[in-house]
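> sequence and computational prediction follow.
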Amino acid sequence: MAPAMKIVFGLLAFVTAGMIVGAFFQLAFILKLEDSYGISHWDNDTDAAVLRIGYVKPEIISWSPRIIVLHDFLSSEECDYLRALAKPRLQISTVVDVKTGKGIESKVRTSSGMFLSSEEKTHQVVQAIEKRISVYSQVPIENGELIQVLRYEKNQYYKPHHDYFSDTFNLKRGGQRVATMLMYLSDNVEGGETYFPMAGSSKCSCGGKVVDGLCVKPIKGNAVLFWSMGLDGQSDPSSIHGGCEVLSGVKWSATKWMRQRATF
């Protein structure tokens, strides 16, 4: 073999070997990187456990209005805990009277619900959920209202509405509502989707009916984070949403509304 050919083959062998070694190093790096995002890496990290890092998986489903589904936001035990707190104290849900700012019964909303107390907000489980909501929404804990737990039985619903206030009475403490975290606490529900009629350009199933917009199925542990105010600081009319009629099963959910300023 000519000396020139030997040099060429030598270079090819060197480059090939280098590529193989490089590939192994790259694979090792990727595996290490993946492990750093895995659950095992955070086993002894208290904050990571509170935030459920390695479990929560965000999915942006709309930019206008801004809506994010947070898969596995709550553990099954946290869902059961909130339901157990709420069950003995459920009352017929109300809506805000735009003239007085007070809650009134209405056929617009047919669920039962209750608010956690200030004392219950100090419970370890509730504090963990509150911190998680604050971190994922990037809204300070003190800007949040007390968590409301709701139960929707068969044929119950909440017609499309806005979470931001249209009255001045409710703006006095904490200002306007900026965002909402809606958490699902039960499984095996048919219907009961959260419906955004002005989001997206497709069709979806809402309580067994085909409608225009986006529908989010209630899955235990999942949460929906959406903003009632746009990036311009103004109330966003496209954030209108509703709770579709429950066809079977019982839908439990928990809602956290967040304000512009501290509420306490």
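Okay, I see it. Numbers count the residues shown, from 1 in each chain.

> point out where the protein drops to low pLDDT.
1-44, 95-105 (pLDDT under 70).

> domain assignment for this structure?
As given by automatic domain parsing, the domain ranges for the chain are 3-36, 44-259.

> so can I have JSON lines of the ones you listed showing mean neighbour count?
(C-beta placed from N, C-alpha, C; glycine too.) As requested, the domains of the chain are exported to JSON lines (neighbours: other CB atoms under 10 Å):
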{"stretch": "domain 3-36", "mean neighbour count": "10"}
{"stretch": "domain 44-259", "mean neighbour count": "17"}
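
> Leu185 touches Trp252, doesn't it?
Yes. Counting by CB atoms under 8 Å, Trp252 is a contact partner of Leu185 at 3.8 Å.

> joint contacts of the two?
Contact with both Leu185 and Trp252 is made by residues 79, 82-83, 149, according to CB atoms under 8 Å, 6 or more residues apart in numbering.

> helices along the stretch 51-200 of the chain, start to end?
76-86, 124-137 (DSSP state H, counting those that start in this stretch).

> quick one, which of these gets closest to Ile61.
helix 124-137 (15.0 Å; CB to CB).

> what helices and strands are in contact with the closest one?
helix 46-51, helix 76-86, strand 177-184, strand 251-259 (3 or more CB pairs under 8 Å, 6 or more residues apart in numbering; DSSP states H and E).

> export these to TSV and tack on distance to Val108?
What follows is the helices and strands packed on helix 124-137, written out as TSV (distance: least, CB to CB, whole Å):
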stretch	distance to Val108
helix 46-51	35
helix 76-86	21
strand 177-184	17
strand 251-259	16
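
> nearest to Met114, out of those?
Going by CB to CB, the one of the helices and strands packed on helix 124-137 nearest Met114 is helix 76-86, 5.2 Å.
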